[in-house]
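Visitor: Turn this into a model:
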Amino acid sequence: MQVANEGARFITVEELRHLGGGRAVPAWWNPCKRIVDLLLGSLVLLAALPVIAFAALAIVFVDRGAPFYSQVRVGLNGRRFRMFKLRTMVRGAHDMRDDLLHLNEADGPVFKIKNDPRLHRLGPFLRRTSIDELPNLLNVLRGEMSLVGPRPPIPSEVEHYTPYAMRRLTVMPGITCLWQINGRSSVSFDEWMRLDNQYIDTWSPLGDLAILIRTIPAVLRKDGAH
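Guide: Residues are numbered from 1 along each chain as shown. Model (predicted):
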């Protein structure tokens with residue numbers, strides 16, 4: 001399947017519905033979700049600004065160069081967008097990926113190394129504490145992500161998705177979801193997809209609130225964060 005240009009659709013809504021997506025929910029649930037994203041997302045971003053600013057300065061100090069970066073991800077209905085993060089890797093890290101494929105510790109189409117040699121000195125701490133993900137809140141305010149939803153994949157991963165995994169694109173991607181509070185990178189790819197499909201089939205405003213509350217201790221415990 002060919003990947004569309006940035007801003008275009010990767011797969012049509014009709015195709016996604018054929019895969020079993022598009023679960024019917026009460027009409028007020030989605031507007032409610034968006035209002036919570038805007039209100040709570042704004043408050044959390046304001047509170048996190050000092051942490052983001054301090055982390056950005058620290059990154060510049062340990063590894064010179066821009067402290068922020070954006071990466072193309074695939075979101076709702078296959079639409080591409082740029083997700084914002086604090087940089088945890090040395091400059092030019094993505095050019096090293098092919099040379100490190102033999103170290104990949106993840107199954108499925110995902111590439112992950114627990115002790116990634118491309119991380120700069122502050123990178124492991126930023127990842128363990130999830131501070132590197134705080135700029136995702138900008139994507140929430142822009143309407144590209146939600147506070148709760150499956151993590152948005154990169155296009156090269158989606159190219160290898162089965163129909164079951166492709167269902168992840170039928171809901172708005174998020175900062176946290178069932179995967180984050182159930183082991184994160186320590187769970188298998190198949191289990192990750194099962195958790196995301198479970199979320200798609202059962203989500204509700206109250207369920208999202210429960211996931212947000214459970215995310216706090218999961219982050220503090222650094223469950224599966226690397």
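Visitor: correct me, but Arg121 touches Ile59?
Guide: No. Arg121 is beyond contact range of Ile59, at 9.5 Å (criterion: CB atoms under 8 Å). For every residue, glycine as well, the C-beta is placed using N, CA and C.
Visitor: Just want to know which of the two has more residues nearby.
Guide: Higher neighbour count among Arg121 and Ile59: Ile59, with 23 against 12, using other CB atoms under 10 Å.
Visitor: what's the burial count for the nearest residue to the more buried one once chain neighbours are set aside?
Guide: Using CB to CB, 6 or more residues apart in numbering and skipping the chain neighbours, the partner closest in space to Ile59 is Pro67 (4.0 Å). Using other CB under 10 Å, Pro67 is surrounded by 21 other residues.
Visitor: I'd like the distance between Pro67 and Thr129.
Guide: Pro67 is 16 Å from Thr129, where distance means CB to CB, to the nearest Å.
Visitor: Ala53: which element?
Guide: helix 29-63 (DSSP states H and E).
Visitor: Could you identify the helix or strand that succeeds that helix?
Guide: strand 68-74.
Visitor: Is it correct that Val110 is in contact with Asp190?
Guide: No. Contact between Val110 and Asp190 fails when scored by CB under 8 Å: they sit 11.3 Å apart.
Visitor: residue ranges for the strands of the chain, please.
Guide: In the chain, the strands defined using DSSP state E lie at 68-74, 80-86, 146-148, 174-176.
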